[in-house]
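> Return atomic coordinates for the entry below.
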Amino acid sequence: MYTNNTHRRYVKVIKSSERDLYSLLEAYGPNPSFDDMAWYGLSYTKIHEVFGDPIFLKDAVDIYNWIWQNGWDTSGTCSGGFWFDTSMMSKQTITNAQMLQLAARMYRITNQTKYKSDMNKVYNYIMKNHLINTTTYLVTDGALFNCTPCSFYGPSYNSGVMIGALTEMYIVTNKTELLDLAFKVAYAIFEHRCDSNGVLVEYCHPDCDEDALMYKGLFARNLRYLTDAMKDPSKLEFLRGWLDIQVESNIKNNICDEQHLSKCNVTFKDGPPYYNSSGPVFSPDWRGPFTFGSPIPQTSVLDLLVAAIKPGTRCTGSFCNYDPYYPPPTSMTCDDYPCPDGEDCCEYSPYSSYTCCYTNQHCNKTTGICDNN
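This next block holds a predicted model:
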């Protein structure tokens, strides 16, 4: 997307990632969170934009409709807002920022006014509940039941996805105040979440869970969306310079490029990859030094490296079209022991699907249903 279509690596892998809504709900069951589904919606719309493949747009529409029909608070309390999951116990900022971004993007792609109306509803909820602090411009992690922001302003991805959402809104409305707000949200992260050298440090370091290891990459990805829309030359130079600082720190201080993978202390949670070889790997702390490599920190740095590609860059050489064979995905069964300890795995007809029972349930192997006895 950023190389004028000269970089076509892993096209088969990207296109084979397509999953319809039912498959996703089944995989994330029994209670899929709305933010998990929204990540797919955002990814599928981008894939559609790059390849023009209509199946990804159809899936994104289905995902969007499912989240809106099941996740939006219709009680009128606090001007709506999306619940985090079907338990309807909390309203997290990330889901609302995702759906604001997705609604604006869907409106841009389809020109259907339904998405514009939805976009304005979500934006109204975010602003009325003060999810963006109007003094610091940090983004809260969620709203309380009394329609006020919670006091936790930690994860960088909340700010990142909000930046992407405000940028998408600016593109379809041409309201410069949205771009100004996006820049203030970005600057707040530079000011409050970076070390003295300007390198981003996640709030939970060094005790981040696996999800949080991805947050910095998500921030960088959405910051790129802002740079693509930024018209102010000084702000644009500043934002690109910040991305360069992150790249330079990783390349200089946080890289392992030993010839054999085993020397880089790489760990895989679910077994080794199909191709057990690798290029440079990176560890979670962008300041370094390198400690260990695993898939999520690599994805985070990959997001950063893509975000920092300069406009007009072109890929040259045979590896620009590197597209190795990958085996087609196969469905897991209970024989693969997919459930956490203490949870029964319950297969159901036609025995190509399963669910994990709650710890207080047991699988009725006759019916394929988790019973409460």
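> Can you name every helix or strand that the helix or strand encompassing residue 219 contacts?
If you go by DSSP states H and E, residue 219 is part of helix 215-229. For helix 215-229, the packing partners by 3 or more CB pairs under 8 Å, 6 or more residues apart in numbering; DSSP states H and E come out as helix 156-173, helix 176-192, helix 233-253, helix 295-307. Every residue, glycine included, has its C-beta placed from N, CA and C.
> Please tell me how far it is from the chain's geometric centre.
How far helix 215-229 lies from its chain's middle: 11 Å, per CA atoms, centre = their mean, to the nearest Å.
> go on, stretch 157-168?
That offset, for stretch 157-168, works out to 11 Å (CA atoms, centre = their mean).
> hmm, who's touching it?
93-94, 97-98, 100-101, 104-105, 108, 126, 131-132, 138-141, 178-179, 181-182, 185-186, 188-189, 214-215, 218-223, 225-226, 228-229 (CB atoms under 8 Å, 6 or more residues apart in numbering).
> again, 6 Å this time
93-94, 97-98, 100-101, 104-105, 139, 178, 181-182, 185-186, 189, 215, 218-219, 222, 225-226, 229 (CB atoms under 6 Å, 6 or more residues apart in numbering).
> what ranges do the helices span in this protein?
Under the criterion DSSP state H, helices of the chain are mapped to 11-15, 21-27, 34-51, 54-71, 93-110, 113-128, 156-173, 176-192, 215-229, 233-253, 295-307.
> Tell me which of these sits nearest to residue 361.
Evaluated over the helices of the chain, closeness to residue 361 peaks at helix 21-27, with 17.9 Å, by CB to CB.
> helices or strands up against that closest one?
Helices and strands touching helix 21-27, as assessed by 3 or more CB pairs under 6 Å, 6 or more residues apart in numbering; DSSP states H and E, comprise helix 54-71.
> could you dump the helices of the chain to TSV with mean pLDDT and distance to residue 150?
Output for the helices of the chain, formatted as TSV (pLDDT from 0 to 100; distance: least, CB to CB, whole Å):
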stretch	mean pLDDT	distance to residue 150
helix 11-15	86	36
helix 21-27	88	28
helix 34-51	96	16
helix 54-71	98	19
helix 93-110	98	9
helix 113-128	98	14
helix 156-173	98	11
helix 176-192	98	17
helix 215-229	98	17
helix 233-253	98	28
helix 295-307	95	25
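> Turn these into a markdown table, including mean neighbour count.
Output for these, formatted as a markdown table (neighbours: other CB atoms under 10 Å):
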| stretch | mean neighbour count |
| --- | --- |
| helix 11-15 | 14 |
| helix 21-27 | 15 |
| helix 34-51 | 20 |
| helix 54-71 | 19 |
| helix 93-110 | 25 |
| helix 113-128 | 18 |
| helix 156-173 | 26 |
| helix 176-192 | 18 |
| helix 215-229 | 24 |
| helix 233-253 | 16 |
| helix 295-307 | 20 |
